[in-house]
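S.K.: This is the structure alone, sequence omitted:
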């Protein structure tokens, strides 16, 4: 079984109206990846409601990246702005939304999480606001480190892959019962969990399949494990570019690729990836 896949598939999902109905008096905040949603600001201002956007990398050592970096804004639950924010998160798996009761503390924590100890002995920027990365983080963080991941946030809501939805249950909920408002200077940097990367590798595939779902027709949870096996097999044999993988969608959804001698002969050849793809397409067409 691929790392984290079983636990991820078992997580409960909810509808947006359920999320909004659970907020009480708390505020709702959004973090949007502007690389995935380059027109996010235009769409938000066109909504016609009061908007105070913040570029999370502004006024940091990464200010030069702020214009295309993650975007933060708050909205009243149920407002047109909040509904558009949720839509921006869902489209292209471009962000997360979160619940908190203090604007300044919530924003400070979002900025603090941007730079993390990455396990190499140094620090790097973390795209924790992408649904695949957030889910991997939340699933692998230990009990002792969880308060540092969540800080003053009461809950985080991340989009679920659309092909795994039922009854429009589009959101995964990651609650935090004891929000921690410790000043960020006392914390140093957040350290990525050691178990993060194997789970993140699995969930990147799960969410990538959501992005390219039309090429794979309808994918079910039961198909995921063998499908991921096939993707890892192709990557291991040098076929890793998305454009190449998409051309092999029919092959990827078949079973037992590693046991088929004619396919393995092509994959293990010394040819360039694009030639392997052409041979595999011809083989698939002839069968």
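M.R.: Yes, it's here. Remember, it's a predicted structure, so these values are computed and weren't measured experimentally.
S.K.: residue boundaries of the strands in this protein?
M.R.: The residue ranges that make up the strands of the chain, judged by DSSP state E, are 13-14, 27-32, 54-55, 71-75, 95-100, 115-117, 123-125, 155-159, 171-175, 190-191.
S.K.: Most tightly packed of the ones you listed?
M.R.: Per-residue neighbour counts averaged over each of the strands of the chain give the maximum for strand 95-100, namely a mean of 26 (mean count of other CB atoms under 10 Å). All C-beta spots, glycine's among them, are computed from the backbone N, C-alpha and C.
S.K.: quick one: contacts of it?
M.R.: Strand 95-100 is contacted from outside by 19, 23, 26-33, 36-37, 70, 85-86, 88-89, 106, 129-131, 134, 152-159, 179, using CB atoms under 8 Å, 6 or more residues apart in numbering.
S.K.: if you set the cut-off to 7 Å instead, what comes out?
M.R.: Residues outside strand 95-100 that contact it (CB atoms under 7 Å, 6 or more residues apart in numbering) are 23, 26-33, 85-86, 88-89, 106, 129, 131, 134, 152-158.
S.K.: quick one on the thing from earlier: can you lay out the strands of the chain as JSON lines showing distance to residue 65 and mean pLDDT?
M.R.: Putting the strands of the chain into JSON lines (distance: least, CB to CB, whole Å; pLDDT from 0 to 100) gives the following:
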{"stretch": "strand 13-14", "distance to residue 65": "33", "mean pLDDT": "91"}
{"stretch": "strand 27-32", "distance to residue 65": "15", "mean pLDDT": "95"}
{"stretch": "strand 54-55", "distance to residue 65": "9", "mean pLDDT": "97"}
{"stretch": "strand 71-75", "distance to residue 65": "12", "mean pLDDT": "97"}
{"stretch": "strand 95-100", "distance to residue 65": "17", "mean pLDDT": "96"}
{"stretch": "strand 115-117", "distance to residue 65": "12", "mean pLDDT": "95"}
{"stretch": "strand 123-125", "distance to residue 65": "8", "mean pLDDT": "95"}
{"stretch": "strand 155-159", "distance to residue 65": "23", "mean pLDDT": "96"}
{"stretch": "strand 171-175", "distance to residue 65": "26", "mean pLDDT": "94"}
{"stretch": "strand 190-191", "distance to residue 65": "19", "mean pLDDT": "94"}
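S.K.: Reformat those as JSON lines; add distance to residue 219.
M.R.: What follows is the strands of the chain, written out as JSON lines (distance: least, CB to CB, whole Å):
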{"stretch": "strand 13-14", "distance to residue 219": "16"}
{"stretch": "strand 27-32", "distance to residue 219": "26"}
{"stretch": "strand 54-55", "distance to residue 219": "36"}
{"stretch": "strand 71-75", "distance to residue 219": "30"}
{"stretch": "strand 95-100", "distance to residue 219": "23"}
{"stretch": "strand 115-117", "distance to residue 219": "32"}
{"stretch": "strand 123-125", "distance to residue 219": "31"}
{"stretch": "strand 155-159", "distance to residue 219": "16"}
{"stretch": "strand 171-175", "distance to residue 219": "18"}
{"stretch": "strand 190-191", "distance to residue 219": "33"}
